[in-house]
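K.L.:
Sequence and computational prediction follow.
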Amino acid sequence: AGAPAAPAAEPQQQTEVQEQVVGVATTKTPLTALLKRKVTEAPPRFEFILAHPPGLSALDVDIIKLTAQYTAANGREFLAGLAQREQRNPSFDFLKPTHMLFSYFTSLVDSYAKVLTPPPHLQRRAEDGTRFEGVLERIVNRWEFMRDEEERKRRQEAEANEEREAFRSVDWHDFVVVETIDFPEQEMADAGLGLGTERRGEEEEMDVEHQEGEAGVEDQ
């Protein structure tokens, strides 16, 4: 008979071993300083991520992308000539400004143009991408920002759910009328007269002045 198998480690022991391994790995990698730092600003948005419209065939996507590449490389004059030449070709209807795919096409043109002639901020990011620490820093910053945003959204949703549950838990039948106060009509009328006394006095003064003015005109 073979030797008896070693007893399996308890779940608590496995957790402790995992924590020790992660701790050792963390202390020996450049992540240590980055993980201790607080993210203070949102990471830059992705420059080359586009939402592709649904329902397009592979041929349509290839035509749009290839046209966008040639437009980015050759300029708007090429686009104007192509639109004039293919105005009756339904495969190039996306070149019309009123077409629903025109904005998608122009977004591709802008992205390809940034690749061919990158603006200064993209050049700096590309140069920074050659450094391992710079790439790692960007990755960690984005990950921490996304994690904090998800946590914030979860807290907001939890608070909103608590408020809804608190409102639903109120038994409105537990409320009873303690006392009913009736105001006599005369008291309401007197209150109305008291509020309008000043205004009526002003109106009476205006009437007196108007009458005196008419009397002065008649005397003349």
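P.N.:
Received, thanks.
K.L.:
The helix or strand where residue 81 lies: which residues count as buried?
P.N.:
In this assignment (DSSP states H and E), residue 81 forms part of helix 76-85. Neighbour counts over helix 76-85 (16 or more other C-beta atoms under 10 Å) mark 79, 82 as buried. Using the backbone N, CA and C atoms, a C-beta is placed for each residue, glycine as well.
K.L.:
Which residues does that helix contact?
P.N.:
Residues from elsewhere that reach helix 76-85 (C-beta atoms under 8 Å, 6 or more residues apart in numbering): 67, 70, 71, 92, 95, 96.
K.L.:
Stretch 63-75 now?
P.N.:
When contacts are defined by C-beta under 8 Å, 6+ apart, stretch 63-75 is touched by residues 56, 78-79, 82, 91-92, 94-95, 101, 104-105, 108-113, 115-116.
K.L.:
Can you pull out the low-pLDDT segments for this structure?
P.N.:
Flagging of the chain using pLDDT under 70 yields the residue ranges 1-40, 187-220.
K.L.:
Helix or strand next in line after the helix holding residue 81, which one?
P.N.:
Past helix 76-85, the next helix or strand by DSSP H and E is helix 102-116.
K.L.:
what's that following helix packed up against?
P.N.:
In terms of contacts (3 or more C-beta pairs under 8 Å, 6 or more residues apart in numbering; DSSP states H and E), helix 102-116 is packed against helix 58-74.
K.L.:
and the helix it packs on with helix 102-116, angle?
P.N.:
Angle, helix 58-74 to helix 102-116, by axes from the mean of the first three to the mean of the last three C-alpha atoms, to 10 degrees: 50 degrees.
K.L.:
Just the buried ones from the contacts of stretch 63-75?
P.N.:
By neighbour count, with 16+ other C-beta under 10 Å, the contacts of stretch 63-75 hold 79, 82, 92, 94, 95, 104, 105, 108, 109, 111, 112, 113 as buried.
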